[in-house]
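[1] here's my sequence, what's the structure:
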Amino acid sequence: MRKPYLIRVPDFDPVSGGIRVMYGLYGHLLAKGQIVFLNQAMYIPTVGIYPEIYHGNELNAQKVIRYILQTPGVMSTGGIPGPTIFDETDELYCFSRVYDQWGLDDDHILFLPIIDLHTFKDQGRKRTKTAYYCARGKNLQKHPEDAIEITRAFATDQQALADLLNECKVLYVYDQITAILEVARLCGCPVQYWGSTLLETLEKYEPGLLGLSYRHEIEDFPVEVFRQNYIKLGEIFSRKLDKFIDHTQL
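    Next up is the predicted model:
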């Protein structure tokens, strides 16, 4: 008998990249013919998939997978920080090599591209503006005075965000690693990064550095090459998910 997958996830929030990844995983597993439930405990053999924000095994899964979407302990749920140590019986998978503290093999790195490629694309507009994004980062004031701040309001209106980035010649980012790095570049807007993440860490990030400069000006970059590379990441994820299914069903 195939074991159902039980995914523990907060209510959907279009602004939260981590939550969107978990719902994306749910959809991809369904598309591959798997039986998947959200936030539902069962009393038959199951595979539980928990992001790193949750403690314990509240869904009563026979096998527990921890899907590490951020450095353990950084994010919280209900005001309670996630665990920093996991049970020895838990099997760990990381969203990105950036968060791998355990030396996992490549099959245990599951980078799931979740950006809407129909919305975030190069519209061929004239670029006369600049923008900046802080979120949880420190504003170092490296952007021009007339730069537009990208706030949560923009994040909730994806078309407005895409339209703005298509009018920008550069986006200044002060946050840590965030999906805005890919969103901007998919729109043809290069990124100048001023966040606290070190260059050697950024170099591990699966979307790569094409169109992204580390604390210096950037030249034009081939937008379509970046887009095709991002699409390939989805193909890689699909192949790895096949292996994930075969392995977790044993």
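[2] if you average pLDDT per helix and strand, which one of this protein comes out bottom?
    Least confident helix or strand, the chain: helix 152-156 with a mean of 76, by mean pLDDT, DSSP states H and E.
[3] what's downstream of that helix, the next helix or strand?
    Per DSSP states H and E, the first helix or strand lying C-terminal to helix 152-156 is helix 158-165.
[4] quick one: residues in contact with the least confident helix or strand of the chain.
    Helix 152-156 has contacts (Cβ atoms under 8 Å, 6 or more residues apart in numbering) with 14-15, 160-161, 164. Every residue, glycine included, has its C-beta placed from N, CA and C.
[5] got the residue ranges for the helices in this protein?
    Remark: helices assigned in the chain by DSSP state H are 17-31, 152-156, 158-165, 180-186, 199-202, 223-248.
[6] out of the ones you listed, the one nearest residue 98 is which?
    Among those, helix 199-202 comes nearest to residue 98, with 5.8 Å by Cβ to Cβ.
[7] just how off-centre is that closest one within its chain?
    Relative to its chain's centre, helix 199-202 lies at 16 Å (Cα atoms, centre = their mean, to the nearest Å).
[8] quick check: chain neighbours aside, which residue is closest to residue 75?
    residue 53 (5.0 Å; Cβ to Cβ, 6 or more residues apart in numbering).
[9] next up, the contacts around the one you found.
    Neighbours of residue 53 in contact, by Cβ under 8 Å, 6+ apart: 18, 75-77, 82.
[10] tell me which of those residues is nearest to residue 130?
    Distances from residue 130 to the contacts of residue 53, taken as Cβ to Cβ, are shortest for residue 18 (28.0 Å).
[11] what's near enough to touch that closest one?
    The neighbourhood of residue 18, defined by Cβ under 8 Å, 6+ apart, consists of 51, 53, 69-70, 75.
[12] same check on residue 58?
    By Cβ under 8 Å, 6+ apart, residue 58 lies in contact with 8, 41.
[13] got the phi and psi for it?
    With angles defined as degrees, to the nearest 10, residue 58 sits at phi -70, psi -20.
[14] and the pLDDT at residue 13?
    We note a pLDDT of 89 for residue 13 in this prediction.
[15] can you report how many residues lie near it?
    12 (other Cβ atoms under 10 Å).
[16] in space, what's closest to it - neighbours in sequence excluded?
    Per Cβ to Cβ, 6+ apart, closest to residue 13 is residue 19, 5.0 Å.
[17] domain-wise, how is the chain divided?
    Domain segmentation of the chain under automatic domain parsing yields 5-112, 129-230.
[18] any chance of those domains in JSON lines, plus distance to residue 242?
    Formatted as JSON lines, the domains of the chain follow (distance: least, Cβ to Cβ, whole Å):
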{"stretch": "domain 5-112", "distance to residue 242": "7"}
{"stretch": "domain 129-230", "distance to residue 242": "18"}
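[19] between those domains, which one is closest to residue 119.
    Smallest distance to residue 119 across the domains of the chain (Cβ to Cβ): 5.0 Å, for domain 129-230.
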